[in-house]
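# curious how this folds, go ahead:
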Amino acid sequence: MIGRASKEVIELRVDDIAQLFHTLDPFPFRERDLDREAEEYIVGWARELPGREPILIRIHHPDTDLQVKAALELHEAFSHYFTDRADATQRDINELFRIGRWSLAIGLAILITCLLLAHIVVGALFVNPLRRLLEESLLILGWVANWRPLEIFLYDWWPLVRRRDLYQRLSKAVIETSRSSAHLNETSGVESQEGSKKVEHGLSRHP
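Okay, here's the model as predicted:
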C-alpha cells in the first residue's frame, strides 16, 4: 500500500456531492456521468501531475447523513466513469487506425497508378515540355494522396493515447472523503498548495 505522502492530491470542496455529477442523469451516483465542469477540473489538474505517481482525489463535503452515504459510492463512481472514458478513447484509437489503414490502401493505389501513368502513358503520348510537367503533376498527386494516412500513423494517434492513459490513471485514483461541519460559503476559483493540487468545484465552497 502506497502512503499518502507519495500521492499527488487533487482536492475538491462541494456543498453537495450531487454537484459532481450530471444533474439530468437518472442513474445512481456510481453509474452517473461526471459534471462537465468537475471533469475538466480533475482532468486538467491530473494532466499536470507527474505521470509516475498515483493520484489521490480528496473530496470535502458537509457532515450530514445524506452526504456521508453518497460519499460511500464515490470511489466506484469515479472508477466507473473514467474507465468508460478510457474505453471510449481506445475505441477512438481503433477507429482512427482503421481509417488510417483504408486511407493508406487508397493512397498507395493512387500512388502506384500515378507512377504507372507518369512512366508509361505520359512517356508514350507526350513530348517535352508537356510530358515533364504532367509527370511531375502525377507524382505530386500520388504523394499528396498518402499525406492523410502518414499524418494518422505518425502524429494523430499520440494525443489519443495520452488521453487514454490519463483516464486509466484516474480510474485507479484513490478517492478520499473529508467531512466538513462548517458552512460552505460562496466563492470561486482554483487553489493550489505546496505538495498538492487543490480544486474547488460548485457554487458553494470554503473561503
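# show me where pLDDT drops low in the protein?
Filtered on pLDDT under 70, the chain yields the residue ranges 1-7, 23-31, 121-129, 181-207.
# for the protein, what spans make up the helices?
36-48, 65-71, 74-116, 122-125, 130-144, 147-151, 157-171 (DSSP state H).
# residue contacts, the residue nearest the centre of the chain?
Among the residues of the chain, the one closest to the centroid is residue 163, at 3.4 Å (Cα atoms, centre = their mean). For residue 163, the contacting residues are residue 89, by Cβ atoms under 8 Å, 6 or more residues apart in numbering. For the C-beta atoms, the positions are set from N, CA and C on the backbone; glycine is no exception.
# quick revisit: now the helices of the chain as JSON lines including distance to residue 16?
As requested, the helices of the chain are exported to JSON lines (distance: least, Cβ to Cβ, whole Å):
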{"stretch": "helix 36-48", "distance to residue 16": "12"}
{"stretch": "helix 65-71", "distance to residue 16": "7"}
{"stretch": "helix 74-116", "distance to residue 16": "13"}
{"stretch": "helix 122-125", "distance to residue 16": "72"}
{"stretch": "helix 130-144", "distance to residue 16": "55"}
{"stretch": "helix 147-151", "distance to residue 16": "45"}
{"stretch": "helix 157-171", "distance to residue 16": "22"}
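# which among those helices is found nearest to residue 178?
When those are compared by Cβ to Cβ, helix 65-71 sits nearest residue 178, at 9.1 Å.
# who are the packing partners of that closest one?
strand 55-62, strand 174-180 (3 or more Cβ pairs under 8 Å, 6 or more residues apart in numbering; DSSP states H and E).
# residue 75 is nearest to which of those?
Nearest to residue 75, of the helices and strands packed on helix 65-71 and by Cβ to Cβ, is strand 174-180 at 4.2 Å.
# in the closest one, which residues are buried?
If you call a residue buried by 16 or more other Cβ atoms under 10 Å, then strand 174-180 has these buried ones: 174, 175, 176, 177.
# now for those: which two are most distant?
174 and 177 (11.0 Å).
# tell me the spacing between residue 68 and residue 174.
Distance, residue 68 to residue 174, by Cβ to Cβ, to the nearest Å: 18 Å.
# that older thread, let me have the buried residues of strand 174-180 in JSON lines, extended by distance to residue 148.
Formatted as JSON lines, the buried residues of strand 174-180 follow (distance: Cβ to Cβ, whole Å):
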{"residue": "174", "distance to residue 148": "42"}
{"residue": "175", "distance to residue 148": "42"}
{"residue": "176", "distance to residue 148": "46"}
{"residue": "177", "distance to residue 148": "48"}
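# closest one of those residues to residue 79?
Nearest to residue 79 among the buried residues of strand 174-180, with distances taken as Cβ to Cβ, is residue 175, at 8.1 Å.
# which residues does that closest one bridge with?
Taking DSSP bridges as the rule, residue 175 bridges to residue 57.
# residue 95 - how many residues pack around it?
11 (other Cβ atoms under 10 Å).
# number the residues from 40 up from this point.
Sure, I'll start counting at 40 from here, so that last one is residue 134.
# what about it, distance to residue 191?
11 Å.
# same question, residue 183
15 Å.
# these two: who's more crowded?
Comparing residue 183 with residue 191 by neighbour count (other Cβ under 10 Å), the higher total belongs to residue 191, at 17 against 13.
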